[in-house]
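task: produce atomic coordinates for the following.
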Amino acid sequence: MNNQFKSNTHLTDFGIRTGAIALALCAASLMPGYSKSEVEAATPRMKQTIPAEEVSESTSEYLGETITMRGEIEETNEYPNSFLIDDERFFGGENILVLNATGDVISLPQEDIDVQVTGEVREFQVAEIEREFDWDLDADYYVEYEGQPAIVATSIVLSPKPEEITENPRVYYGEDLSIEGEVSEEMGVNTFTLENDEFGGEDLLVLNAKTGEIVQDGDKVVVTGEVRPFIIADLEREYSLDWDLDMQRQLEAEYENQPVLVAEGIYPAAE
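Predicted coordinates for the structure are as follows:
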């Protein structure tokens, strides 16, 4: 490993601010009033995230396109806050260089957490990137990436697993997140849970009061939104929930003061 990269044990040295572009575009693809053609023109590859391996193996197909990709940060470099991302679901897939052009510093609340990256796929050229972003790159270090695919990121969003949120919710309260998971139980028109893959763990409750998307048990989805404590009085005051008394009692008994993901957008997970 090149010593200019730091391992995941040092990732907590960075700060995080999530970009709004990926969330806004994902939400736009679900909003009424947008035609299918308008959505496809505005967000050509936003309906699904793309595995890192697919980008590395099909570079010519993606060059010049803005995509959204999900994966685990493998290595990170302090300046200009670049890192390598890998999709753990694809064993042996090549890492992709990500250049952080969001204007914010990256940080992870814990090690081994996934992120969702939105940005343009480019053929990495040190001189071109330096001119465009007024960065002073170490040419000797980046020489191995010259001519290779890279993503110039305009949005980097934390993407923990449902069980990571339910096990340590305070770390994620108030953060905009992008969560991939399987719908374990559709509890009502605006309420469902994402499955916790750990044995005996609590599923993650999702409040779907904004998107209008209908989900079914077993659907594999990506949900963007904010995690907050489940306090039923606050939620009922802020959203039109249409819960009957039995539903209120059930949710309050099971989830009071537990984390709830308030969905801003829902779209299919990558196959």
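
where does pLDDT dip in the stretch 151-271 of the chain?
Applying pLDDT under 70 to the stretch 151-271 of the chain flags residues 199-200, 271.

which parts of it are helices?
For the stretch 151-271 of the chain, applying DSSP state H, counting those that start in this stretch gives helices covering 162-167, 232-238, 245-255.

now, of the ones you listed, which is deepest in the fold?
Comparing the helices of the stretch 151-271 of the chain by mean neighbour count (mean count of other CB atoms under 10 Å), helix 162-167 ranks first with a mean of 22. Using the backbone N, CA and C atoms, a C-beta is placed for each residue, glycine as well.

which residues touch it?
110, 113, 172, 177, 179, 181, 194-198, 201-204, 227, 258-259, 261 (CB atoms under 8 Å, 6 or more residues apart in numbering).

do you have the strands of the stretch 151-271 of the chain handy? List them.
176-188, 191-194, 204-207, 220-229, 259-268 (DSSP state E, counting those that start in this stretch).

now the nearest residue to V143 once chain neighbours are set aside: how far from A101?
Spatial nearest neighbour of V143, chain neighbours left out: V126 (7.7 Å); criterion: CB to CB, 6 or more residues apart in numbering. To A101, V126 is 15 Å away according to CB to CB, to the nearest Å.

okay, those two: which has more neighbours?
The residue with more neighbours, out of V126 and A101, is A101; 22 against 17, by other CB atoms under 10 Å.

does T76 count as helix, strand or coil?
State at T76, reduced to three classes by DSSP: H, G, I helix; E, B strand; the rest coil: strand.

tell me the bridge partners for it.
Beta-bridge pairing for T76 (DSSP bridges): K6, F83.

so it sits against I106, correct?
Yes - counting by CB atoms under 8 Å, I106 is a contact partner of T76 at 7.4 Å.

L137 is in contact with the residue nearest to V143, correct?
Yes - under the criterion of CB under 8 Å, V126 makes contact with L137 at 5.3 Å.

now do the residue nearest to V143 against T118, distance only.
The gap separating V126 from T118 is 23 Å, by CB to CB.

that older thread, which members of the contacts of helix 162-167 are classed as buried?
Listed as buried from the contacts of helix 162-167 are 113, 172, 177, 179, 181, 194-196, 202-204, 227, 259, 261; burial here means 16 or more other CB atoms under 10 Å.

closest one of those residues to D242?
Nearest to D242 among the buried ones among the contacts of helix 162-167 is L261, at 18.9 Å by CB to CB.

and that closest one, bridged to which residues?
Applying DSSP bridges to L261 gives these bridge partners: V206, V227.

who are the contact partners of it?
Residues near L261 by CB under 8 Å, 6+ apart: 165, 177, 179, 194, 204-207, 223, 225-227.
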